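Participant: Dropping the sequence and predicted coords here.
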Amino acid sequence: MELQDSVRVIRGIGEKTAAGLEKLNIHTVQELLDFFPRRYVGYGPPVPVAEAAEFDRVTIRGIVCTSGKVLRGSRQQVTVLSVRDKTGSVEMVWFNSPYIAKTLKKGLEFCFTGTLRLKGQKRVMEMPEIFTPEKYEKMRSVLQPIYHLTAGVKNYQLRKAVEGAEPLIRTLPEELPEDVIERYGLLHRRDAVQSVHFPKDEAILGQARKRLAFDEFYHFLLGVKKMREECVASESDFRIPEEAKEKLDRLLEGLPYRLTEGQEKALQDVMRDMNSGYVMSRMIQGDVGCGKTIIAAAALFVTALSGRQGALMVPTEVLAIQHFEDLQKLYSGYGIRVALLVSSLSVKEKREIMSGLSDGSLDIVVGTHALIQERVNYRNLGLVVTDEEHRFGVRQREKLSEKGTLPHVLVMSATPIPRSLALILYADLDISVIRELPGGRKKILNCVVGTDYRPTAYRFIRGEVEKGHQAYIICPKVEDSEGSELENVESYAEKLQQLYGNALRVTPLHGRMKEEEKQHILREFREGRIDVLVSTTVIEVGINNPNATVMMVENAERFGLAQLHQLRGRVGRGTEQAYCIFVNVKKSEEALSRLKVLEESNDGFHIASEDLRLRGPGDFFGVRQSGDLMFRVADIYEHADMLKAAQDYLLSV
């Protein structure tokens, strides 16, 4: 067996498993070993039932004291049985797993690991893992890796495959010189890969992830350096005609607001770059709601009036449709042809748009990753704008840029990365920062509360709706059958509608819905026909409804600070006072101190700095920041020292 062999050479991997691994882009043994766990689970000593706290992940060792009952509903089967130890009993619940009733016989002893909840006077554990006492004792000695999965691949299959490839870890090549490894206190590559898949303890795992983060940062920065070298001295024949400048002035004068000082400065930077005779590579970094989009709209506007095409790539269809509709309204009367290209369009619609882009009859296209498909060709692409850059990464940015002959590149990001890190991560870009919010907006008022505050929050939301406003409630998951302590969209919306009756209109929204359904719900919300939108983080980026004044986030302790700040940015977009309520379910001191940062500040850059200060290696075992540049292991906060070390090493070679 060699590193470049197909995974099929590993014992136990058949055609079906190999097909599942291919969906994860795992084709070779090397790719399997480079597919690192996303998190780990540790198993502590069993806890007496009477001492188990609600919302804690615990292991209960007890005797099955009732036969399993399988309850068949319209949507799912529910298996229920009771387990008892010397101090009390717990009701165990599984969804769509009827075989469990036959496996767990009355009178037998097992260990059950899961999250405990109180439902009335009953202790309940949904979807717990099941072990024999002997098996559980063995589990306690190691950290169990949990991998990203896809349909047809289970975690134990991936684990078994990696175990089959383990002997080849010792043959992995070392890329770094010995003196560099010593200088930065790094593990050798083979030791890091061994420990990340088979960690002996948290300390060695932290060291392994540190080395792998260094490697990821180094290769990322290498790609950034290459892009910078290709673009920095590249000449451009792009010029903005005087007529286009005059029309832009007229467009901006017609806005219902005046640009802030930061917006004016950013716009000047962009216009100067585009007219400089060289290819622009610029990022506009600014807090949520600071008005970056109008700068991009202005740049696309003059691009079209200069006889070139512009492309705006965003991370979600929801956001793409919103930008498309906004640009159509903004450019009305100027003869600019704007198109929308997203995956949910029909084949005929896509074909018509691609034809318009290739023959030049379309000026501007807004879309998702569909814009960088091989079949999409542009007649004269002059400007590429990527929104929420942290969702894409350098390769996708490069791929879209290659669609034209060195087009200008403008990146917009609301991710509050500390400037010291931004200068490293975006070394291929000049950076404009917009710090202030548009005039007329009030600071969002924030509060961190416990679950006992919910009735008060619901009354407050009702009061805001009665004033003519709307509200968001964010839940971490979609539906109850996933089985955990997290609040979920489906049942939450149902319970809230029952509470409000006919007084308020409550609607759920989540990513599993079809795109048409999501668009319909968001349109209804924007038009005021929905009062309370209960949603997952599908609304995190860019959704704009100035009439929404309340954001309530359930299980706020489960989210990273940057993501919570993004979510909070969905309110306070009008002139009315806005509010954000963070519900801290777990009530730990660590979670409270993190959330207090949000309670005390609306400044994304301050929040980013505090996040950098507060987060530590232990965070990997709990809350994870989302959306940080799609590194597999590296985290720009936890591994900030490795980011700087990788930059130092790159500059020295």
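Facilitator: It's in.
Participant: Could you check how far Arg632 is from Leu168?
Facilitator: Counting by CB to CB, to the nearest Å, the gap from Arg632 to Leu168 is 19 Å. Every residue, glycine included, has its C-beta placed from N, CA and C.
Participant: Neighbour count: the two, which is higher?
Facilitator: Set side by side, Arg632 and Leu168 show more neighbours around Leu168, with 19 against 13, by other CB atoms under 10 Å.
Participant: if I look at the more buried one, how far off is Asp34?
Facilitator: For Leu168, the distance to Asp34 - CB to CB - is 12 Å.
Participant: Ok, Lys514 next?
Facilitator: For Lys514, the distance to Asp34 equals 34 Å [CB to CB].
Participant: same deal with Leu319?
Facilitator: Counting by CB to CB - Leu319 and Asp34 are separated by 31 Å.
Participant: residue ranges for the strands of the stretch 551-653 of the chain, please.
Facilitator: Ranges of strands within the stretch 551-653 of the chain are 579-583, based on DSSP state E, counting those that start in this stretch.
Participant: what about it, any weak spots by pLDDT?
Facilitator: 587-588, 609, 611-630 (pLDDT under 70).
Participant: ok, back up a step: between Lys514 and Asp34, which one's more packed in?
Facilitator: Asp34 (15 against 9).
Participant: Phi and psi next, for the nearest residue to the more buried one once chain neighbours are set aside.
Facilitator: In this structure, Asp34 finds its nearest non-sequential neighbour in Val193, 7.7 Å apart by CB to CB, 6 or more residues apart in numbering. Dihedral pair for Val193: phi -60, psi -40, per degrees, to the nearest 10.
Participant: Run through the stretch 301-450 of the chain and note the low-pLDDT ranges.
Facilitator: Filtered on pLDDT under 70, the stretch 301-450 of the chain yields the residue ranges 388-405, 415-420, 428, 440.
Participant: 90 instead, please
Facilitator: Along the stretch 301-450 of the chain, segments meeting pLDDT under 90 span 313-322, 342-346, 368-378, 384, 386-409, 411-443, 450.
Participant: Can you show me the helices along it?
Facilitator: Secondary structure of the stretch 301-450 of the chain (DSSP state H, counting those that start in this stretch): helices located at 317-330, 347-359, 394-401, 419-425.
Participant: Run the chain-centre distance for the longest strand along the chain.
Facilitator: Secondary structure assigned by DSSP state E gives strand 109-119 as the longest strand of the chain. In terms of CA atoms, centre = their mean, to the nearest Å, the centre of strand 109-119 is set 30 Å apart from its chain centre.
Participant: With stretch 202-216 instead?
Facilitator: 22 Å.
Participant: what's in contact with that stretch?
Facilitator: Taking contacts as CB atoms under 8 Å, 6 or more residues apart in numbering, the residues outside stretch 202-216 that touch it are 36, 40, 42, 143, 175, 184, 186-189, 191-196, 199, 617-618, 620-621, 631-635, 638-639, 642-643, 645-646.
Participant: Could you turn the buried ones of those residues into a PyMOL selection?
Facilitator: Applying 16 or more other CB atoms under 10 Å to those leaves a buried subset, and the PyMOL line that selects it is:
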select buried, resi 36+40+143+184+186+187+189+191+192+193+194+195+196+199+617+620+631+633+634+635+638+639+642+643+645+646
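Participant: Can you tell me which of the contacts of stretch 202-216 end up in helices?
Facilitator: 189, 191-196, 642-643, 645-646 (DSSP state H).
Participant: relative to its centroid, which residue of this protein is most remote?
Facilitator: Distance from the C-alpha centroid of the chain peaks at Gly107, with 45.0 Å (CA atoms, centre = their mean).
Participant: That one: what's it in contact with?
Facilitator: Applying CB under 8 Å, 6+ apart, the residues near Gly107 are 63-64.
Participant: does Val47 count as helix, strand or coil?
Facilitator: coil (DSSP: H, G, I helix; E, B strand; the rest coil).
Participant: Tell me how far Tyr40 lies from Val142.
Facilitator: Noted for Tyr40: a distance of 9 Å to Val142, by CB to CB.
Participant: what's the longest strand of the chain packed up against?
Facilitator: On a contact count with 3 or more CB pairs under 8 Å, 6 or more residues apart in numbering; DSSP states H and E, strand 109-119 meets strand 57-64, strand 88-95, strand 122-126, strand 129-131, helix 133-139.
Participant: Kindly tell me how buried Ser355 is, as a neighbour count.
Facilitator: With other CB under 10 Å as criterion, Ser355 counts 12.
Participant: Revised request: answer the last question for Asp249.
Facilitator: Asp249: 10 neighbours (other CB under 10 Å).
Participant: Checking my notes, it in a strand, right?
Facilitator: No: counting by three-state DSSP, one finds Asp249 to be helix, located in no strand.
Participant: And the pLDDT at it?
Facilitator: If you check Asp249, the pLDDT there is 95.
Participant: Which helix or strand contains Tyr472?
Facilitator: In this structure, Tyr472 sits in strand 470-474 according to DSSP states H and E.
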